[in-house]
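Novice: Here's my sequence, what's the structure:
(one chain, ligands or ions: 1)
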Amino acid sequence: NKRIKGIVVSKPIIYGNTATELTPTEAAANNDHTHRWTVFLRGVNNQDISYFIHKVEIKLHETFINSNRVLKSPPYEVTETGWGEFEVIIRIHFPPCSGEKPISIYHMLKLYPPESDHGGARPRSPNAWPKGKPLFNVFYEELVFIDPTEEFMEILTQQ
Ligand code: SLL
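Specialist: Numbering: from 1, shown residues only. Now for the predicted structure:
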């Protein structure tokens with residue numbers, strides 16, 4: 001696959017996680033887990049990114065069943081319940097014609113708001129994170145393709 005020299009194409013992406021605390025009833029129904037969370041990769045303003053992506057692997061902590069989740073189409077996200085924070089690997093694969101290596105994004109799954117009194121300190125202080133308020137830990141990034149192949153360039157410029 002011939003590469004086009006001197007061309008740089010960048011594609012903006014958004015990735016990260018949301019998390020909400022489970023109510024006692026929900027926790028009881030979910031192995032005493034403390035949170036429900038979603039890890040995701042998407043386009044800015046939800047713009048389609050699937051046209052230049054082959055598949056996305058979301059690698060969870062080994063305490064999860066089938067910890068390597070493979071997503072061949074959008075939404076590129078995983079929702080789970082759990083109790084702990086850990087590093088998630090979001091591995092993005094591109095079409096074979098691109099000759100591009102997969103790109104890995106390392107994301108720290110956050111469940112607990114900073115400086116909150118979640119850690120057993122009771123009663124909750126008045127300015128503690130309100131129960132049920134979702135936490136967002138979200139980042140902007142750009143995927144940069146240098147000297148793309150002719151075939152991949154055609155895909156990248158589709159939209
Ligand atoms: C910690 N190093 O100890 C981290 C590991 C792992 C979190 C956190 C599993 C849930 C399940 C889960 O939440 N693992 O059993 O399905 O904080």
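
Novice: So the closest residue to Asn68 other than its chain neighbours versus His33, what's the distance?
Specialist: Leaving aside its chain neighbours, Asn68 sits nearest to Lys59 (5.2 Å; criterion: CB to CB, 6 or more residues apart in numbering). C-beta: built from backbone N, CA, C; applies to glycine. Using CB to CB, to the nearest Å, one obtains 19 Å as the distance from Lys59 to His33.

Novice: what's the answer for Asp147, then?
Specialist: Shown here: Asp147 relative to His33, a distance of 46 Å by CB to CB.

Novice: can you pull out the helices in this structure?
Specialist: Ranges of helices in the chain, per DSSP state H, are 24-29, 150-156.

Novice: Around the ligand, pick out the residues from this structure.
Specialist: Proximity of the chain to the ligand (CB under 6 Å from any ligand atom) is limited to residues His33, His61, Thr63, Phe64, Gly82, Trp83, Gly84, Glu85, Phe86.

Novice: got those residues as JSON lines, with neighbour count and distance to Leu41 columns?
Specialist: Compiled in JSON lines, the residues of the chain next to the ligand are given as follows (neighbours: other CB atoms under 10 Å; distance: CB to CB, whole Å):
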{"residue": "His33", "neighbour count": "17", "distance to Leu41": "23"}
{"residue": "His61", "neighbour count": "14", "distance to Leu41": "18"}
{"residue": "Thr63", "neighbour count": "10", "distance to Leu41": "22"}
{"residue": "Phe64", "neighbour count": "14", "distance to Leu41": "18"}
{"residue": "Gly82", "neighbour count": "21", "distance to Leu41": "19"}
{"residue": "Trp83", "neighbour count": "14", "distance to Leu41": "24"}
{"residue": "Gly84", "neighbour count": "12", "distance to Leu41": "22"}
{"residue": "Glu85", "neighbour count": "17", "distance to Leu41": "19"}
{"residue": "Phe86", "neighbour count": "14", "distance to Leu41": "17"}
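
Novice: Spatially central residue in this protein, please.
Specialist: For the chain, the residue whose C-alpha lies nearest the mean C-alpha position (CA atoms, centre = their mean) is Phe40; its distance is 3.2 Å.

Novice: Spatially nearest residue to it, not counting backbone neighbours?
Specialist: Spatial nearest neighbour of Phe40, chain neighbours left out: Glu77 (3.7 Å); criterion: CB to CB, 6+ apart.

Novice: what sits against the one you found?
Specialist: By CB atoms under 8 Å, 6 or more residues apart in numbering, Glu77 lies in contact with Thr38, Val39, Phe40, Leu41, Arg42, Ile58, Leu71.
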